[in-house]
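Novice: Got a predicted model here, sequence first, then my questions.
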Amino acid sequence: MQSCTFVHHVEQSIQVIYRYHKNFIGQIKAGYKLFTDTYDFYVKNPDINVAKNLVQAEEDLKEEGILITPSDHAMVSGIRANNLFEFLYHKMREDHYYLLDKDKIKNLLKSKYLSKLYENHFSSYCDDPISCYLVRYL
């Protein structure tokens, strides 16, 4: 599972902190009519340097029997969208960082964005963002 756009749908359903809603305004041509409209997309926050690592998710999906690969050498796997959504939704509700490269999470924790989030929401639980990381992942 090297890439899967469907993952963004799950991230938006959970409202992960490394993405945000951004409005884009553009012109649409429909036949001979031209009109301007605004569209909302849930985009990666450019101030937060994170990277996805889907290797663990792929292993977990195979272990659960949800991701079907015809053989170890196959380049294609199959999965039902509703099974993928349910699996990822539960994993990511438990751990918003489930799909992220754990080494890159340190960048997220050091970011200005998360520092502000930490000040507002997590300061009563641990001493600093790095401590929160260590408690969660080590």
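Specialist: Arrived safely. Numbers count the residues shown, from 1 in each chain.
Novice: Sketch out the helices for the protein, chain order is fine.
Specialist: 6-14, 55-63, 81-94, 105-110, 112-117, 129-137 (DSSP state H).
Novice: Could you tell me the least trusted of those helices?
Specialist: Ranked by mean pLDDT, the helices of the chain end with helix 129-137 in last place, scoring a mean of 45.
Novice: Might one say that A57 is in contact with K91?
Specialist: Yes. Between A57 and K91 a contact is recorded at 7.4 Å, counting by CB atoms under 8 Å. Yep, even glycine has a C-beta here, placed from its N, CA and C like the rest.
Novice: Can you list phi and psi of the residue sitting furthest away from the middle of the chain for me?
Specialist: Distance to the chain centre peaks in the chain at Y32, reaching 39.0 Å (criterion: CA atoms, centre = their mean). Main-chain dihedrals, Y32, degrees, to the nearest 10: phi -100, psi 0.
Novice: List the residues that contact it.
Specialist: If a contact means CB atoms under 8 Å, 6 or more residues apart in numbering, then Y32 has no contacts.
Novice: and the gap between it and G26?
Specialist: In this view, Y32 and G26 are 18 Å apart by CB to CB, to the nearest Å.
Novice: Pull up the overlap in contacts between A57 and K91.
Specialist: Y98.
Novice: Give me the more crowded residue out of these two.
Specialist: A57 (21 against 18; other CB atoms under 10 Å).
Novice: Could you pull up the contacting residues of that one?
Specialist: Contacts of A57 by CB under 8 Å, 6+ apart are 1, 88, 91, 98-99.
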